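In: Give me a 3D structure for the following:
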Amino acid sequence: MIIPPFAGVRLVEFSDRLELTPYGWIRDCIALGRFKANEVGFQPGEEHFDTWSRIMGKNEIYVVVNWLVFDNDTDKVDHVIWCDPETPLEDARKVFEEMASYLESRPKDRGTNAGLENLANRIRHVAPRCLRWLTHGNAGKPDEETEDINGIVHSYSGQKTFETQKLYQARLKVLAGIQPKTAALIWRADQTPNEIHRQELEREAVEAFFAEVATYWTDAMIEAWRRNNPVSVKWWSEFVKLLDKPERLLDPVNHEIVLNWLRRGYNLMTENELSNAIWTAMGQRFLPNTLKIKRRRLGLSARPPGPRPNPEQ
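Out: Here you go, the predicted structure:
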């Protein structure tokens with residue numbers, strides 16, 4: 001999550017911690033131009049060259065290009081739409097406008113399966129000839145079948161599945177051991193459908209994060225933060241209160257479980273198997289029933305007794 005108005009930071013949930021990291025700016029650029037098809041399209045030796053040459057030839061075509069410019073002055077082409085030779089300027093402009101609308105869409109729509117399909121459907125409606133080829137920065141496998149939108153390759157969706165959502169919430173419960181108010185605000189933001197309210201909670205989560213971890217920072221780090229990022233009186237007071245309190249510690253067993261839930265296959269283990277695995281990983285023996293209670297409190301499901309499921313079935 002990126003939280004304005006905080007300057008150049010975002011709050012990231014890793015598998016084992018919450019952390020503020022800097023981020024650079026990215027500028028979206030989009031343009032509509034007219035070029036010789038044989039100069040901007042597929043070249044000899046590329047997979048679609050023969051089909052491209054047969055349809056486009058040396059005609060002039062309209063091209064809509066979206067590229068990214070980064071704060072280090074580098075750039076990268078992200079989306080390209082080549083219109084076929086019969087596409088009129090009016091339709092090409094509509095494609096440009098639809099691409100601009102797509103780029104301004106919410107992060108959960110842009111670059112996802114649904115977002116790209118909606119873009120393709122809108123373009124097909126206003127200018128069906130423009131869908132001969134539609135590509136983007138994640139354009140993919142060379143052996144895909146050629147269709148009118150064969151270039152669309154759906155990038156990874158950031159939406160959490162039911163299982164990963166449970167793990168995400170379990171990690172927040174564990175992290176709450178040292179950052180309880182930060183974790184609570186992140187959880188509330190994750191459950192809030194209203195975008196404006198969610199942004200408010202995310203912004204406050206950064207203030208809470210500062211209050212709960214700045215007690216471990218140097219004076220120079222704290223002053224640098226205060227110069228660049230606002231902290232309300234509420235959270236500054238919270239920071240002062242924590243200065244005189246004992247250091248917070250994570251539950252080591254819970255931390256091991258959520259950190260390696262998938263990596264070490266704890267999600268596939270029975271209670272007895274997990275007891276042996278935790279002993280191997282941590283050098284401490286915990287009774288199966290103790291681990292059963294811990295997993296239940298974290299909201300993580302154990303595999304029932306019996307043979308492991310066959311993944312081929």
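In: the strands in this protein, which residues?
Out: 9-13, 18-22, 26-36, 60-70, 75-82, 133-136 (DSSP state E).
In: Identify the bridge partners of Arg34.
Out: Tyr62 (DSSP bridges).
In: quick one: it and Glu60 touch, right?
Out: Yes. Contact criterion CB atoms under 8 Å: Arg34 and Glu60 qualify, at 5.4 Å. Yep, even glycine has a C-beta here, placed from its N, CA and C like the rest.
In: shared neighbours, the two?
Out: Residues touching both Arg34 and Glu60 by CB atoms under 8 Å, 6 or more residues apart in numbering: none at all.
In: which one's the longest helix in this structure?
Out: As assigned by DSSP state H, the longest helix anywhere in the chain is helix 195-213.
In: What is that helix packed up against?
Out: strand 9-13, strand 18-22, helix 180-191, helix 233-242 (3 or more CB pairs under 8 Å, 6 or more residues apart in numbering; DSSP states H and E).
In: mean confidence for that helix?
Out: Helix 195-213 shows a mean pLDDT of 85.
In: List the buried residues of that helix.
Out: Judged by neighbour count (16 or more other CB atoms under 10 Å), helix 195-213 contains these buried residues: 198-199, 201-213.
In: Same check on stretch 234-250?
Out: Trp235, Trp236, Glu238, Phe239, Leu242, Leu250.
In: Output the below-cut-off pLDDT ranges for this structure.
Out: Low-confidence segments of the chain (pLDDT under 70): 1-25, 71-73, 106-109, 111-113, 131-164, 302-313.
In: Just list the residues touching Phe210, thanks.
Out: Phe210 makes contact with Trp225, Asn229, Val231, Trp235, Phe239, according to CB under 8 Å, 6+ apart.
In: Repeat that for Asp28.
Out: Asn66, Leu68, Leu103.
In: ok, 6 Å please
Out: Neighbouring residues of Asp28 by CB atoms under 6 Å, 6 or more residues apart in numbering: Leu103.
In: Next, work out how far apart Val213 and Ala170 are.
Out: 21 Å (CB to CB, to the nearest Å).
In: just Ala220 next, same as before
Out: Per CB to CB, Ala220 is found 35 Å from Ala170.
In: Looking only at neighbour counts, state which of these two leads.
Out: Between Ala220 and Ala170, counted using other CB atoms under 10 Å, the more crowded position is Ala170 (19 against 8).
In: wait, Cys29 sits on Phe70?
Out: No. Assessed by CB atoms under 6 Å, Cys29 is found out of contact with Phe70, at 11.3 Å.
In: domain ranges for this protein?
Out: Listed by automatic domain parsing, the domain ranges of the chain are 32-136, 160-242, 252-298.
In: got the end-to-end distance for the shortest one?
Out: From its first residue to its last, domain 252-298 covers 13 Å (CA to CA, to the nearest Å).
In: how far is it from where the chain is centred?
Out: Relative to its chain's centre, domain 252-298 lies at 28 Å (CA atoms, centre = their mean, to the nearest Å).
In: go on, the second one?
Out: In terms of CA atoms, centre = their mean, the centre of domain 160-242 is found 18 Å from the chain centre.
In: and stretch 226-236, which residues are buried?
Out: Quick answer for stretch 226-236 (16+ other CB under 10 Å): Asn229, Val231, Trp235, Trp236.
In: will you turn the residues you listed into JSON lines that also has distance to Pro180?
Out: Shown next, in JSON lines, are these (distance: CB to CB, whole Å):
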{"residue": "Asn229", "distance to Pro180": "21"}
{"residue": "Val231", "distance to Pro180": "18"}
{"residue": "Trp235", "distance to Pro180": "13"}
{"residue": "Trp236", "distance to Pro180": "18"}
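In: Which of those sits closest to Ala127?
Out: Nearest to Ala127 among these is Asn229, at 45.4 Å by CB to CB.
In: Quickly note the distance from that closest one to Asn118.
Out: 36 Å.
In: Same question for Phe35.
Out: From Phe35 to Asn118 the distance is 27 Å (CB to CB).
In: in the stretch 51-200 of the chain, which spans are helices?
Out: Secondary structure of the stretch 51-200 of the chain, counting by DSSP state H, counting those that start in this stretch: helices at 89-103, 113-126, 162-175, 180-191, 195-213.
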